[in-house]
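Colleague: attaching a predicted model along with its sequence, questions to come.
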Amino acid sequence: MGDVVATIKLMPESPDVDLEKIKADVEKSIPSGTELHKIEEEPIAFGLVALKVMVVVGDAEGGTEPVEENLAQVDGVNSVEVVDVRRLM
């Protein structure tokens, strides 16, 4: 079994959400067995900024589901979407 790096896009509820608080909550919500690689900001439009969270998880079936479920519970997050998954070599 190998590892994959998954990029998960978090859309905030509004442009007024405190992104630094969301980043801190994301770091706390990463489940054990998952490594947080980095968090990037991606400007969308009209002041709205999405967060791209990159995590390293096992390549077992449903590998990103626990992470997605935890991230969806973070206050201020409207939606969670896996946008990229790549195998680590």
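Modeller: Nice, thanks for sending it over. If you're wondering where the values come from, they're calculated on a predicted model, not measured in any experiment.

Colleague: and the helix or strand containing Ile39, what's its mean pLDDT?
Modeller: Assigned by DSSP states H and E, Ile39 belongs to strand 35-45. The average pLDDT for strand 35-45 rounds to 95.

Colleague: with adjacent residues omitted, what lies nearest to Leu36?
Modeller: Spatially, and ignoring its direct neighbours in sequence, Leu36 is nearest to Ile30 (4.9 Å; Cβ to Cβ, 6 or more residues apart in numbering). Every residue, glycine included, has its C-beta placed from N, CA and C.

Colleague: and if you look at Ala50?
Modeller: Glu42 (4.6 Å).

Colleague: and the one you found, how far is that from Pro31?
Modeller: Separation of Glu42 from Pro31 (Cβ to Cβ, to the nearest Å) stands at 23 Å.

Colleague: the strand holding Ile39: which residues count as buried?
Modeller: Ile39 (16 or more other Cβ atoms under 10 Å).

Colleague: now the element after that strand, going C-ward?
Modeller: Later in the chain than strand 35-45, the nearest helix or strand by DSSP H and E is strand 48-58.

Colleague: what is the longest helix seen in the chain packed up against?
Modeller: Assignment by DSSP state H gives helix 19-29 as the longest helix of the chain. Applying 3 or more Cβ pairs under 8 Å, 6 or more residues apart in numbering; DSSP states H and E, one finds that helix 19-29 contacts strand 3-12, strand 35-45, strand 48-58, helix 65-72.

Colleague: show me where pLDDT drops low in this protein?
Modeller: Within the chain, the ranges that satisfy pLDDT under 70 run 1, 61.

Colleague: lovely, talk soon.
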